[in-house]
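> sequence and predicted structure are below.
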Amino acid sequence: EQEAREMASDLLDGYVLSKLEMSSPLETPPVSLPRGKGWEWVSPGSQVSVALLIREAREQARLTQAEAAKLMGVAPSTYNRWEQPGRCNATLLTLEKIARVLGRHLEVQLR
């Protein structure tokens, strides 16, 4: 079971990365998803999830990447990397600052 979960998560990571590389929008899942025995949710890996969360928070704050970078006091290329799944290498301190600049707070969980 664990191997299947890991493979599904890797597949989801690949899907997200390919959509972003092609500048295609990420699609919202259908309203009605299978439920019950034998079905479970699979999440993308943390590097993909964090980059997408940063991007979503910035967009909800109605800021461009350049504006967010300026508020953070970093180069636009540095900020851009934090929104790129596979390239995001933000530390916890950086994530706290990003959250603050975007009007959010950082919450970390180990599950």
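Looks like it came in fine.

> so where's this protein uncertain?
For the chain, the stretches flagged by pLDDT under 70 are 28-33.

> how about the helices in it?
Ranges of helices in the chain, per DSSP state H, are 2-21, 46-60, 65-72, 76-82, 92-101.

> Gly38 is nearest to which of these?
helix 2-21 (11.2 Å; CB to CB). Glycine gets a C-beta too; all of them are placed from N, C-alpha and C.

> show residues contacting the closest one.
The contact list for helix 2-21 (CB atoms under 8 Å, 6 or more residues apart in numbering) reads 25-26, 40, 42-45, 48, 52, 84-86.

> quick one: stretch 71-88 to chain centroid distance?
Remark: stretch 71-88 is offset 12 Å from the chain centroid, using CA atoms, centre = their mean, to the nearest Å.

> what's in contact with it?
Residues outside stretch 71-88 that contact it (CB under 8 Å, 6+ apart) are 13, 16-17, 20, 44, 47-48, 50-52, 54-55, 58, 63, 65-66, 68-69, 89-90, 94, 97-98, 101.

> buried ones among those residues?
13, 16-17, 20, 44, 47-48, 50-52, 54-55, 58, 63, 65, 68-69, 90, 94, 97-98, 101 (16 or more other CB atoms under 10 Å).
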